[in-house]
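S.K.: The amino acid sequence is not available; the structure is as follows:
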């Protein structure tokens, strides 16, 4: 199925297909499987070619892993002031395996530039008038290649189509979920402003634009059973969250493009050079291994039995007259290995790659045939610190939008005691930037001196608001201050 032919047939406008070709290219570098680069042919003369696989350092994957670990890891704390709301949101995120999947999708965001989080209601129980009595809140994750903006403003996506691919009985299907704004009318036709409407369609992935199924047809497929063709949310707030890297998109010809770009989008040439150098480094040991050329009469004894192991790759038989001038029976060849030259070239390009991707220099180094990562504490003036803080701006907003969206859906599902306007705090892990033990000891001294209150200390180190922290500070009699 060609998704762009489908969009053209339906009269839907989105980004040009050339941008999604870039996403495919970034994804191939992330997987170290780039066409016509990691697979290549070597000419051996007389029209004979040998198919080869180029070895890779997989630095694109390594870059994405490292930025993901720096942005969203187990030390990041999400604090919601209202306790009932906090418990509900944390339960939804836990059911969605957000601790694991959230970090994984930070990595995929770095690889292809953009990801999306789409909360939704499932298992709904309705009353006679079609109002929701109860429901469960779930969460879907979407990668860049399946995100198709249809409207945006100031690089912010306001309407979008998400594609969810499914397979049933060896046939591939695509669910297209279109989030768009439409006028909302009251019972008497009065204008109530705008609301988000979600329209679903299911397409059988065949040649061309595919074949669109009717709701009756898709309800017979377990993956889409109960899927509504249209859902009116009644809210002008989106039921999706777009998350991307805080890097200007210089790849798409449209300067206002709302999609992000890969962390290594402008470093592909460096990645290619690194893999060329690493492949040459590996081949150096293959081509430079010790060889011993042997005259034919040395391979067997007087009884015709083999003297050397036939599976030993060190020994090579040469023609009988090869040694007639030197009168040697055996000739040893030891090729000189250019190890230091290769390692220096790889380290030079690792420094360039880490610098171009915002990690600064000396973050990666090549030692003893593998890449190691610097683990020292970095300063607040370093390139890495500024890079992390820049990406955290968008990530913090994305996480807060996701939480607000989950709360709104919880209210729709009639979950009791939710507070939609409660304070949300995202405390990112900065242990790589600061010596946390030293800082904590300094804060304890400030508390002892009276320049920091115990409530301020607890709020900072336990991820609580000052009000909650103050309520948990024990008084002198051993009770709890209320």
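M.R.: That came through fine. None of the values given here were measured: they were computed from a predicted structure.
S.K.: Residue 25 against residue 34, yeah?
M.R.: Yes - counting by C-beta atoms under 8 Å, residue 25 touches residue 34, with 7.5 Å between them. To be clear about C-beta, it is placed using only N, CA and C from the backbone, and glycine gets the same treatment.
S.K.: Comparing those two, which shows the higher neighbour count?
M.R.: Comparing residue 25 with residue 34 by neighbour count (other C-beta atoms under 10 Å), the higher total belongs to residue 34, at 20 against 17.
S.K.: Assumed the more buried one was part of a helix.
M.R.: No - going by DSSP: H, G, I helix; E, B strand; the rest coil, the assignment for residue 34 is coil, not a helix.
S.K.: contacting residues around it?
M.R.: By C-beta atoms under 8 Å, 6 or more residues apart in numbering, residue 34 lies in contact with 25, 28.
S.K.: try 7 Å
M.R.: residue 28 (C-beta atoms under 7 Å, 6 or more residues apart in numbering).
S.K.: how much space between it and residue 28?
M.R.: According to C-beta to C-beta, to the nearest Å, residue 34 stands 5 Å off from residue 28.
S.K.: Repeat that for residue 139.
M.R.: 28 Å.
S.K.: Those two - which one has more neighbours?
M.R.: residue 139 (21 against 15).
S.K.: any idea how far the more buried one is from residue 146?
M.R.: 15 Å.
S.K.: go on, residue 385?
M.R.: Residue 385 is 33 Å from residue 146, by C-beta to C-beta.
S.K.: Over to residue 53?
M.R.: 29 Å.
S.K.: Next: residue 100.
M.R.: Residue 100 sits at a distance of 20 Å from residue 146 (criterion: C-beta to C-beta).
S.K.: between those two, who's got more neighbours?
M.R.: residue 146 (19 against 10).
S.K.: Thought residue 162 was touching that one, still the case?
M.R.: Yes - here residue 146 reaches residue 162: they are 6.1 Å apart, a contact under C-beta atoms under 7 Å.
S.K.: how about the helices in the stretch 151-300 of the chain?
M.R.: All helices of the stretch 151-300 of the chain, identified by DSSP state H, counting those that start in this stretch, fall at 215-218, 268-287.
S.K.: Which residues belonging to the last one are considered buried?
M.R.: For helix 268-287, the neighbour count (16 or more other C-beta atoms under 10 Å) marks 268, 270-281, 284 as buried.
S.K.: average pLDDT for it?
M.R.: The average pLDDT for helix 268-287 rounds to 87.
S.K.: who's in contact with the residue most central in space within the chain?
M.R.: Geometric centre of the chain, nearest residue: residue 108, 1.4 Å, by C-alpha atoms, centre = their mean. With contact set as C-beta under 7 Å, 6+ apart, residue 108 has these partners: 115, 143.
S.K.: Name the residues of whichever strand or helix holds it that are buried.
M.R.: Assigned by DSSP states H and E, residue 108 belongs to helix 98-112. By neighbour count on 16+ other C-beta under 10 Å, the buried set for helix 98-112 is 98, 102-103, 105-112.
S.K.: now stretch 134-143
M.R.: 135, 137-139, 141-143.
S.K.: closest to residue 351 among these?
M.R.: residue 143 (30.3 Å; C-beta to C-beta).
S.K.: What are the phi and psi values at the closest one?
M.R.: Note on residue 143: backbone dihedrals following degrees, to the nearest 10 are phi -90, psi 170.
S.K.: quick one: contacts for it?
M.R.: 108, 112, 115.
S.K.: I figured residue 148 hits residue 12, correct?
M.R.: No - at 8.0 Å, residue 148 and residue 12 do not qualify as touching, with contact defined as C-beta under 7 Å.
S.K.: going on from the helix ranked longest in the chain, what's the next piece of helix or strand?
M.R.: Ordering each helix of the chain by length in residues (DSSP state H) puts helix 383-412 first. Next along the chain after helix 383-412, taking DSSP H and E as the criterion, comes strand 424-427.
S.K.: which regions of the stretch 51-200 of the chain lie under the pLDDT threshold?
M.R.: Nowhere does the stretch 51-200 of the chain drop to pLDDT under 70.
S.K.: can you map out the strands along it?
M.R.: Taking DSSP state E, counting those that start in this stretch to define them, one finds strands in the stretch 51-200 of the chain at 77-80, 114-126, 132-143, 147-153, 156-168, 171-185, 191-204.
S.K.: Can you list the helices and strands that the shortest one packs against?
M.R.: Applying 3 or more C-beta pairs under 7 Å, 6 or more residues apart in numbering; DSSP states H and E, one finds that strand 77-80 makes contact with strand 424-427.
S.K.: so what does the strand it packs on touch, helix or strand wise?
M.R.: Using 3+ C-beta pairs under 7 Å, 6+ apart, the elements in contact with strand 424-427 are strand 77-80, helix 383-412.
S.K.: List just the one of the ones you listed that sits closest to residue 92.
M.R.: Using C-beta to C-beta, the helices and strands packed on strand 424-427 put helix 383-412 closest to residue 92, at 5.2 Å.
S.K.: buried sites along that closest one?
M.R.: By 16+ other C-beta under 10 Å, the buried positions in helix 383-412 come out as 383-385, 387-388, 391-392, 394-395, 398-399, 401-410, 412.
S.K.: got the angle between that helix and strand 132-143?
M.R.: Orientation note: helix 383-412 sits at an angle of 160 degrees relative to strand 132-143 (axes from the mean of the first three to the mean of the last three C-alpha atoms, to 10 degrees).
S.K.: Not counting stretch 452-464 itself, show me its contacts.
M.R.: 77, 79, 427, 440, 443, 446-447, 465-466, 469-470, 472-473.
S.K.: Could you report the neighbour count for residue 89?
M.R.: 24.
S.K.: Contacts only, for it.
M.R.: 80, 403, 406-407.
S.K.: could those go into CSV alongside distance to residue 73?
M.R.: Output for the contacts of residue 89, formatted as CSV (distance: C-beta to C-beta, whole Å):
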residue, distance to residue 73
80, 19
403, 18
406, 21
407, 24
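S.K.: Any figure for the gap between residue 130 and residue 226?
M.R.: Look at residue 130 and residue 226: by C-beta to C-beta, they are 15 Å apart.
S.K.: Tell me which of these two has more neighbours.
M.R.: A count of neighbours by other C-beta under 10 Å puts residue 226 above the other of residue 130 and residue 226, at 10 against 6.
S.K.: Contact partners for that one?
M.R.: No contacts exist for residue 226 under C-beta under 7 Å, 6+ apart.
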